[in-house]
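Asker: Here is my input; please provide its structure:
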Amino acid sequence: MAGPRALWFTKPSQAHLAGWVASQAGAPFTYRAVGATRGELPPGYRHDRWSANLGADTDERFERAASALRTWVVQRDAGITVFPGDPVAPGATFILVLALPVGYVAAPGRVVYVIDEPRRSGFGYGTLPGHPERGEESFAVVRRGDRISFEITAFSRPAHRLARIASPVARRLQLRTTRKYLAAMLRAVA
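Answerer: Numbers count the residues shown, from 1 in each chain. Below you'll find the predicted structure:
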């Protein structure tokens, strides 16, 4: 059976990822404040809030953006492999695979909640054992007045030994990935 291993010299195989996802199905989250990206972020973590203006509020633009979130377009267009890649659903377990300058990082997570409201659409996911960070991240498309915005909210702290040792590098990777998410969503609604 596949075990939690965050760093890889070669990209993990589909078979390994499938085994890992299956083994994580009942695993506990690696943090206590499950669902906190919907409200007050917990102390003891780095807090991040990012947003991008997606333009005038139209039903078509809102639906395009919501669809991009539901189908992992933002993550894929940011250069991340999402396994298994099924549409976002509550409780779905997945692994994100990111290319590093040397090797890959694999980050297991589970969808904590899904938002499907007339003025807000998106989801939040939390980290599972083997993820290099501990915490939660949410992605939402929100109607604000006559505009639509894409909002990312996260709280995290290093979990893996190397993420702690190389925290400035890990932080740069987080920020670079977030910028890619924002750019990917802008492309999705363009």
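
Asker: Check which residues of the longest helix along the chain are buried.
Answerer: Criterion DSSP state H: the longest helix present in the chain is helix 167-189. Judged by neighbour count using 16 or more other CB atoms under 10 Å, the buried positions of helix 167-189 are Ala170, Leu173, Gln174, Thr177, Thr178, Lys180, Tyr181, Leu182, Ala184, Met185, Ala188, Val189. For the C-beta atoms, the positions are set from N, CA and C on the backbone; glycine is no exception.

Asker: Mean confidence (pLDDT) on that helix, please.
Answerer: For helix 167-189, the mean pLDDT works out to 89.

Asker: need the contact list for the nearest residue to Gly109 once chain neighbours are set aside.
Answerer: In space, and not counting its chain neighbours, Gly109 is closest to Tyr125: 4.4 Å by CB to CB, 6 or more residues apart in numbering. If you count contacts by CB atoms under 8 Å, 6 or more residues apart in numbering, Tyr125 has them with Phe94, Gly109, Arg110, Val111, Val112, Glu136, Glu137, Ser138.

Asker: how near is Tyr125 to Phe9?
Answerer: Note on Tyr125: its distance to Phe9, by CB to CB, to the nearest Å, is 26 Å.

Asker: Then Pro84?
Answerer: Distance from Pro84 to Phe9, counting by CB to CB: 23 Å.

Asker: And those two? Which one has more around it.
Answerer: Using other CB atoms under 10 Å, the more surrounded residue of Pro84 and Phe9 is Pro84, with 12 against 8.

Asker: And stretch 82-94, end to end?
Answerer: In stretch 82-94, first residue to last residue: 7 Å (CA to CA, to the nearest Å).

Asker: Export the buried residues of helix 167-189 to TSV and append columns for distance to Pro43.
Answerer: Formatted as TSV, the buried residues of helix 167-189 follow (distance: CB to CB, whole Å):
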residue	distance to Pro43
Ala170	20
Leu173	24
Gln174	19
Thr177	24
Thr178	21
Lys180	28
Tyr181	25
Leu182	26
Ala184	31
Met185	29
Ala188	34
Val189	35
